[in-house]
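Trainee: Fold the following.
(one chain, ligands or ions: 2)
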Amino acid sequence: MGRFENYTYDLLQRPEVRRLGRRKSHHFTEDRLAHSMATAKLAYRVARVVRADARVTARAALLHDWFFENRDEHQNRFGANVRHGAIAAANARGLGEPPAVSAAIATHMWGYVKGAPKTREAWIVWMADNITWLTDAIKSFLKFVRTSIRRFLYGPPGSRGRSYVA
Ligand SMILES: [Fe+2]
Ligand SMILES: [Fe+2]
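Mentor: Residues are numbered from 1 along each chain as shown. Ligands and ions are numbered 1, 2, ... in the order given. Predicted structure coming up:
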């Protein structure tokens, strides 16, 4: 097992953590577990490079969206997810995670909520989350553009080419 797996294995064994896979991401295309895993892997790598605590970073990133409230329960009027950072931080504490982990989770929505990250690990989680969801957003936007152009040129799926035939 690589070190990332060592640091996160126990969390990924827990059914209550895996349950995230059945929740739609509040971001774009991926489910919440896939989004959390991508964020955790990226955060872990960055932590290794800048010599932050890679274990704390990986675990915080993996649990940063670990909450099960519905979208409308934690949104403000701009549609931003304002409360779930605090909810996920409390949940991680409940799982027995140390203060460094829950602190890094609590500030991951900085920009929408007050309270900038205070530790290197928290900054990395914040950055990795934003890179991950932005990448997904760009990917689904490009997919939308591609399908729109294709529809414009060829008509709806299944009718390819037929729009040119009388
Ligand atoms: Fe989040
Ligand atoms: Fe996230």
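
Trainee: What parts of this structure come near ligand 2?
Mentor: 65, 129 (Cβ under 5 Å from the ion). C-beta: built from backbone N, CA, C; applies to glycine.

Trainee: which residue is nearest the centroid of the chain?
Mentor: Nearest to the geometric centre of the chain sits residue 35, at 3.9 Å (Cα atoms, centre = their mean).

Trainee: Pretty sure it sits against residue 62.
Mentor: No. Using Cβ atoms under 8 Å, residue 35 is not in contact with residue 62; the gap is 10.5 Å.

Trainee: Now the element after the strand or helix carrying residue 36, going C-ward?
Mentor: According to DSSP states H and E, residue 36 maps onto helix 32-49. Downstream of helix 32-49, the first helix or strand assigned by DSSP H and E is helix 54-63.

Trainee: residue ranges with poor pLDDT in this protein?
Mentor: 24-29, 71-80, 159-166 (pLDDT under 70).

Trainee: could you pull out the strands for it?
Mentor: Using DSSP state E, the chain contains no strands.

Trainee: longest helix anywhere in it?
Mentor: helix 120-154 (DSSP state H).

Trainee: Quick one: work out the angle between that helix and helix 54-63.
Mentor: 40 degrees (axes from the mean of the first three to the mean of the last three Cα atoms, to 10 degrees).

Trainee: tell me what helix 120-154 is packed against?
Mentor: helix 32-49, helix 54-63, helix 99-106 (3 or more Cβ pairs under 8 Å, 6 or more residues apart in numbering; DSSP states H and E).
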